[in-house]
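Visitor: take a look and give me a structure for this.
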Amino acid sequence: MREEIDELEQARSESQATVELDQTRVGRLSRMDAMQQQAMAQATGERARTHLLRIESALKRCDDGSYGDCLRCETPIDPRRLEVDPAATLCIQCAEQPAD
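Guide: Below you'll find the predicted structure:
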């Protein structure tokens, strides 16, 4: 997962470049579209970075032996939940409760 996110991040870097104002080359609507695409690429990049941090955190929990335990109540997280989201930090019961 980490490698896939790193590869996607590299591919997105060009999409996040600053949109230059050059009215002779790009019309106003085209520039607005380019700015919207830039904003979407930046948001996607931020989500990827957040996901990467979650993966790194899960790997650290594997190293210290706490992987698979709920960070709030410390009970084991259902393996089916971890199959769906290997970076899950909370059991279902704690995830459904509002944050303190």
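Visitor: please count neighbours and contacts with C-alpha atoms only from this point.
Guide: OK.
Visitor: output the below-cut-off pLDDT ranges for this protein.
Guide: The model of the chain has pLDDT under 70 over residues 1-2, 5-6, 8-29, 100.
Visitor: go with 80
Guide: Residues of the chain meeting the criterion pLDDT under 80: 1-34, 99-100.
Visitor: and the biggest helix by length in it, what does it pack onto?
Guide: Identified as the longest helix of the chain according to DSSP state H is helix 28-64. Helix 28-64 sits against helix 2-12, with contacts defined as 3 or more CA pairs under 8 Å, 6 or more residues apart in numbering; DSSP states H and E.
Visitor: how about Cys94: what's its closest non-neighbour residue?
Guide: Arg72 (6.9 Å; CA to CA, 6 or more residues apart in numbering).
Visitor: three-state assignment of the one you found?
Guide: What DSSP: H, G, I helix; E, B strand; the rest coil gives for Arg72 is coil.
Visitor: so what's the residue count around it?
Guide: 11 (other CA atoms under 10 Å).
Visitor: tell me the buried residues in the longest helix of the chain?
Guide: Residues of helix 28-64 classed as buried: 31, 34-35, 38-39, 41-42, 44-45, 48-49, 51-52, 54-55, 57-59, 61 (neighbour count, 16 or more other CA atoms under 10 Å).
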